[in-house]
Every structure is written in C-alpha cells, then in structure tokens.
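Asks: Everything below, folded, please.
(one chain, ligands or ions: 1)
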Amino acid sequence: MLQLENASKLFNAGTPDEKLALVGVSLTLNPGDFVTVIGSNGAGKSTLMNLISGVMKPDYGQVFLQGKPIGDLPEHRRSRWIGRVFQDPMAGTAPRMTIEENLAMAYSRGKRRGLGFGVTSAKRSFFREQLKRLGIGLEDRLRAKVGLLSGGERQALSLLMATFTRPDILLLDEHTAALDPARAELITRLTEELVREMSLTTLMVTHNMEQAIRLGNRLIMMDKGRVILDVDRDRKKTLTVEELLDEFARISGHKLADDRVVLG
Ligand SMILES: Nc1ncnc2c1ncn2[C@@H]1O[C@H](COP(=O)(O)OP(=O)(O)OP(=O)(O)O)[C@@H](O)[C@H]1O
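Replies: This next block holds a predicted model:
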C-alpha cells in the first residue's frame, strides 16, 4: 500500500519564481489499484510521481510504502520497490548495452548484493521467457544493442524491466505519449496484461482521456497542485470523455488546459 499524507512541494521558495507545485496531497493506493491521473498543464502530476519515486523529497508531509515512511530515501534505494517508465523511450534503458545486459541490470535491482549484473545461462533463459511475453520478437535479439531498437521496442523493454521484479508500485509517466498510435496501442495492451497478471499497484499519468477512463479501476484528476476528484470503478464504467471534461470544469472552475490532451 502507498500513502501520501499531506504531501506538499514548493519550488524556488522565497524567490519571485516561487511555485507551490503540490498542496497537501493525501492519497492512498490500495494493493492492486490501477489509478490513472489526468490534469491541466502544471497541475503537479510529474511532481507527484517524483515524490513517490524519490527524485525529490516533499517539503511537508510524508510518503509511506507498506506503512513505512520513505520520504527521506533516495531514488536508488526505492527502486527495488518502485518501477517507473518515462515518456522518453531513451530514458529507461542503457543504449550501449545489450538487451540481456539491460535486463540483468534491472534484475539485480532489489536482489542481495554480490549477485552482480552478470548474465548466466539460467538468467538468459529467464530473460528469453520474459521477452517472449511481449510478443515482438525481442527474445531472439538478446545480444542486440538497445540503442538499435525502435522507440516502441525500447518502451516495451522498459516496461518489462520496470515490472519483472514485481515492484510494489509501478509508475507510468505518460509512457505511450511519444509513440505513434499503433505502437502506443501495443504498449497500452502490454501494460494492461502485465499489470493484470502481476496485480501491480499502478499509477499512470496520461493525456489521453479515453485511455484514462478505459484503463484501471480509479481515475484521479489534478489541478493546481491538488487532487480535485477521485473517480471509483463503478462511476468510471459509465463515464464519457465529455462528462469527464465537464466535471473537471465544474470542480476547478475552468476548462482543462492541457496542450497535449487527446480525447480518444
Ligand atoms: N524543478 C522545478 N523547479 C521549479 N518549478 C518546477 C519544477 N518542477 C515543476 N515545477 C513547476 O511546478 C508545477 C507543477 O509541475 P509538474 O511538472 O508537476 O506538472 P504536470 O502536471 O506534470 O504538468 P504537465 O502536464 O504540463 O507536464 C509547474 O508550475 C512547474 O512549472
């Protein structure tokens, strides 16, 4: 279980650029929750992800994972429990290393020290088996350099690397936004499959309203550093994009200003 308790983040305190990016956000993700996150530009979505993953610490409030405070732990210490996939396919993998070396690196996360990044034959067959699940033939290219893969292939690999150690929390940061529609659809399908098979507790930021409604069991809406609406499974089942946007405007007092919005 992940909990944010009254988490706030202030940038450039005491300067003319001071910005309260998160304002006392309290949020609980129950085991197996798959929560989609939408909001205006600058609403605080990335900051929320950064506080959870440990890229930055909250200025006030706390983050708890399985009941333990983790707000002071750096990102690398949290990475054994928290997997993250970014929008940029270049971000999650090491381009000069091979597919199997990348996988070995991800695999060693969260394991006891001393196991190293080495690729043993047992690991290799495990990796091959995992890659097969993606259904895009990467299992036959274990020794290919990751820099040679297409954006979609890299993103599929990043997704696998972020999930195959079964993290307590999976953070998806607009992870399909930089892909063409066909590849975005492939990554979305893989995401749904992996999350379902492993019952991963997932938080996914998206600019695609239709996707935000269709995926997962909860949807949260953010505006000006606050969570302004938390939509449950039942309401989500019947919600339309139009109703979602109307609801946003009703609660926030303004239209959803998202320059990358995709209605569906
Ligand atoms: N490192 C930083 N230094 C200063 N201000 C920042 C920093 N990171 C974010 N901000 C500001 O905090 C606010 C929230 O930003 P954040 O990136 O979390 O929003 P977002 O909801 O992810 O926006 P978008 O959808 O446009 O990517 C914005 O006003 C942003 O300019």
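Asks: What residues are bridge-paired with Asp173?
Replies: Under DSSP bridges, the beta-bridge partners of Asp173 are Val205.
Asks: Give me the number of neighbouring residues for it.
Replies: The number of residues packed near Asp173 is 22, by other CB atoms under 10 Å. Just so you know, the C-beta spots here come from the backbone N, C-alpha and C atoms, and that holds for glycine as well.
Asks: Quick check: the closest residue to Met198 other than its chain neighbours vs the ligand, distance?
Replies: Counting by CB to CB, 6 or more residues apart in numbering, the nearest residue to Met198 once its immediate chain neighbours are dropped is Arg166, at 5.5 Å. Distance, Arg166 to the ligand, using CB to the nearest ligand atom, to the nearest Å: 27 Å.
Asks: so Arg166 is in which element?
Replies: Using DSSP states H and E, Arg166 falls within no helix or strand.
Asks: doesn't Glu197 make contact with it?
Replies: No. Arg166 is beyond contact range of Glu197, at 10.1 Å (criterion: CB atoms under 8 Å).
Asks: Please say which of those two ends up with more neighbours.
Replies: Legend: neighbour count by other CB under 10 Å for Arg166 and Glu197, higher for Arg166 (13 against 10).
Asks: any idea of the pLDDT on the more buried one?
Replies: Predicted confidence (pLDDT) for Arg166: 91.
Asks: Over to Gly264?
Replies: Per-residue confidence (pLDDT) for Gly264: 67.
Asks: quick one, phi psi at the residue nearest to Met198?
Replies: Per-residue torsions, Arg166: phi 50, psi 70 (degrees, to the nearest 10).
Asks: And for the one 5 residues further on?
Replies: For Leu171, the backbone dihedrals (degrees, to the nearest 10) come out as phi -110, psi 120.
Asks: Would you map the helices across the protein?
Replies: For the chain, applying DSSP state H gives helices covering 45-53, 75-78, 99-108, 121-132, 151-163, 181-198, 209-214, 233-238, 241-252.
Asks: measure Arg141 to Leu229 for me?
Replies: Using CB to CB, to the nearest Å, Arg141 is found at 44 Å from Leu229.
Asks: phi, psi of the nearest residue to Ala178 once chain neighbours are set aside?
Replies: Leaving out its chain neighbours, the residue that sits closest to Ala178 by CB to CB, 6+ apart is Gln87, at 5.3 Å. Dihedral pair for Gln87: phi -70, psi -40, per degrees, to the nearest 10.
Asks: got the residues of this structure near the ligand?
Replies: Residues of the chain lying close to the ligand (CB under 6 Å from any ligand atom) are Phe11, Asn12, Lys19, Ala21, Gly39, Asn41, Gly42, Ala43, Gly44, Lys45, Ser46, Thr47.
Asks: now with 5 Å?
Replies: Within the chain, the positions near the ligand by CB under 5 Å from any ligand atom are Phe11, Lys19, Ala21, Asn41, Gly42, Ala43, Gly44, Lys45, Ser46, Thr47.
Asks: Does Ala104 touch Ala122 like I think?
Replies: No. Using CB under 8 Å, Ala104 is not in contact with Ala122, being 11.5 Å away.
Asks: related to what we said a few turns ago, can you add mean pLDDT and give the helices of the chain back as JSON lines?
Replies: Shown next, in JSON lines, are these (pLDDT from 0 to 100):
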{"stretch": "helix 45-53", "mean pLDDT": "96"}
{"stretch": "helix 75-78", "mean pLDDT": "88"}
{"stretch": "helix 99-108", "mean pLDDT": "90"}
{"stretch": "helix 121-132", "mean pLDDT": "90"}
{"stretch": "helix 151-163", "mean pLDDT": "93"}
{"stretch": "helix 181-198", "mean pLDDT": "92"}
{"stretch": "helix 209-214", "mean pLDDT": "94"}
{"stretch": "helix 233-238", "mean pLDDT": "94"}
{"stretch": "helix 241-252", "mean pLDDT": "93"}
